[in-house]
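Novice: Mind looking at a prediction? Sequence and model below.
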Amino acid sequence: MTTQPSRALETFPNPAPERDYTIHFSIPEFTCLCPKTGQPDFATLEIDYVPEAHCVELKSLKLYIWSFRDQGAFHEAVTHHILGDLVAATAPRFMRVRGVFNVRGGIYTTVVAEHRAPGWEPPVPVTLP
């Protein structure tokens with residue numbers, strides 16, 4: 001296999017840094033391991049962000065997400081870990097990572113973690129008639 005999991009997140013220059021806009025990723029095949037039992041956990045990750053100077057490159061994001069497959073992690077910890085790494089790589093104006101985990105022990109878990117750059121305020125929504 002030529003492609004391997006990687007924790008390296010690559011970026012590219014934001015093509016429209018003069019405006020706020022949202023980038024959305026839906027990753028329905030996230031897997032990690034339960035740190036207590038070693039059994040696989042499955043989740044859909046939803047990532048939304050307003051870029052500043054850099055955007056995350058998709059192939060590197062795919063390989064980064066893949067790197068969690070054999071790692072034991074609590075749902076809360078892995079969601080915050082992913083947010084922290086993405087914020088460190090891209091320094092966005094805003095980012096939200098939402099982990100929607102499949103059932104474990106009869107319980108579904110959703111974890112939402114957010115980052116806001118100092119001084120950034122979301123734009124006022126436009127309401128059209």
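Specialist: Alright, I've got the coordinates. Numbering: from 1, shown residues only.

Novice: Quick one: list the elements packing against the longest helix along the chain.
Specialist: In the chain, assigned by DSSP state H, the helix with the most residues is helix 75-90. On a contact count with 3 or more C-beta pairs under 8 Å, 6 or more residues apart in numbering; DSSP states H and E, helix 75-90 meets strand 40-50, strand 54-56, strand 94-104, strand 107-116. The C-beta positions use only the backbone N, C-alpha and C, and glycine is treated the same way.

Novice: quick one, which of the ones you listed is nearest to residue 25?
Specialist: strand 40-50 (4.3 Å; C-beta to C-beta).

Novice: Any buried residues in the closest one, and which?
Specialist: Buried residues in strand 40-50, counted by 16 or more other C-beta atoms under 10 Å: 41, 43, 45-50.

Novice: what does stretch 87-96 give?
Specialist: Neighbour count says stretch 87-96 has 87, 89-90, 92-96 buried, by 16+ other C-beta under 10 Å.

Novice: just stretch 112-127 next, same as before
Specialist: Those would be 113, 115, for stretch 112-127 by 16+ other C-beta under 10 Å.

Novice: How far off centre is it?
Specialist: Its chain's average C-alpha position is 17 Å from that of stretch 112-127, according to C-alpha atoms, centre = their mean, to the nearest Å.

Novice: That's all I had, so thanks and see you.
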